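> What would the 3D arrangement of this be:
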Amino acid sequence: MVKDKIIIRGAKEHNLKNINIEIPRDKFVVLTGLSGSGKSSLVANLILRADPPFVKLVVVHPDNESADYDEFFNGDDPDDESVVIRQDIPTLAEFNAYVKENEDENGEPQPICVVLDDIEYETMKKDQKKSLDHLMRYVSSHKNITVYVTSQYFFLLPIIIRRNTNVLFFTGSFLDKGEQAIVAKKIGLSPAELKSIFDLECKEFYDNICFDLTKGTPAPLRKNGFEVLDINNYKKKKLLQRKHVPR
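Residues are numbered from 1 along each chain as shown. Below is the predicted model of the structure:
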């Protein structure tokens with residue numbers, strides 16, 4: 001049976017600081033945080049804990065020789081093609097081939113994970129923008145595909161990624177003003193209300209906030225992976241600022 005979420009407790013590898021997280025699979029997930037906050041390490045943890053495991057991992061990374069994903073390669077099998085690390089986003093034809101080659105005997109697609117890791121979208125060439133557009137549309141209309149996007153800032157991501165995002169995970173409490181406005185609009189809050197949540201809940205360096213925008217989710221807002229937060233309680237207690245109050 002395919003589990004509908006991946007759970008991590010107390011991750012401390014590399015730059016991770018006792019991170020807890022619970023992320024739905026087969027969704028479009030954006031993980032943001034400053035450079036060195038452990039985004040790639042967190043993605044690696046999510047991939048390792050997928051049950052059943054992903055049969056194909058496609059990583060797009062500016063450095064296709066990066067050691068961040070070395071642990072997924074089978075060094076004993078030089079013909080193993082279950083992991084692909086590339087600098088360019090696959091074309092629609094290439095990605096469709098990845099899906100087809102991993103179908104089961106009944107023609108059903110098996111779990112595939114796509115990682116877009118710290119890509120420079122602002123300098124992306126026209127053909128790559130087209131590939132990104134095709135990839136997003138393909139993923140949104142097919143099952144058994146999980147996408148992880150890492151970025152320092154959510155507001156710098158292309159519109160098509162922001163629109164397709166199901167889950168927003170913020171490692172750390174830092175939110176740029178531009179990011180506050182875009183993220184707040186995405187989740188249905190004012191920028192000041194969003195800032196209030198981070199100010200109230202992110203007291204420690206390892207605190208994190210996850211917004212799950214999946215339709216029908218029982219916990220749309222969580223702290224540190226497992227603590228469910230109720231926005232209505234904040235509003236009842238009048239803890240959220242409606243207007244920005246400069247510090």
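
> Give the closest residue to S40 in space, chain neighbours not counted.
Spatial nearest neighbour of S40, excluding adjacent residues (Cβ to Cβ, 6 or more residues apart in numbering): D68 at 4.5 Å. C-beta here means a position set from N, CA and C on the backbone, and glycine is covered the same way.

> Please tell me I have it right and that neighbour contacts A44.
Yes - using Cβ atoms under 8 Å, D68 makes contact with A44 at a distance of 6.8 Å.

> neighbour count winner among these two?
Taking other Cβ atoms under 10 Å, D68 and A44 do not tie; A44 has more neighbours (22 against 19).

> measure the more buried one to Y148 for me?
Using Cβ to Cβ, to the nearest Å, A44 is found at 10 Å from Y148.

> do E22 as well
According to Cβ to Cβ, E22 and Y148 sit 15 Å apart.

> neighbour count winner among those two?
More crowded of E22 and Y148, by other Cβ under 10 Å: Y148, with 25 against 18.

> Spell out which strands sit alongside the helix or strand containing the more buried one in the sheet and which way each one runs.
Y148 is part of strand 145-151, with elements assigned from DSSP states H and E. Each strand paired with strand 145-151, and its direction, by DSSP bridges: strand 28-32 (parallel), strand 112-117 (parallel).

> for the record, mean pLDDT for it?
The pLDDT scores in strand 145-151 average 90.

> What is the following helix or strand past it packed up against?
With elements assigned by DSSP H and E, the helix or strand that comes after strand 145-151 is helix 159-164. With contacts defined as 3 or more Cβ pairs under 8 Å, 6 or more residues apart in numbering; DSSP states H and E, helix 159-164 has these neighbours: strand 28-32, helix 126-140.

> could you redo the last one with a cut-off of 6 Å?
helix 126-140 (3 or more Cβ pairs under 6 Å, 6 or more residues apart in numbering; DSSP states H and E).

> And the helix it packs on, what's buried?
Across helix 126-140, burial judged by 16 or more other Cβ atoms under 10 Å covers Q128, S131, L132, H134, L135, M136, V139.

> Okay then, goodbye and thanks.
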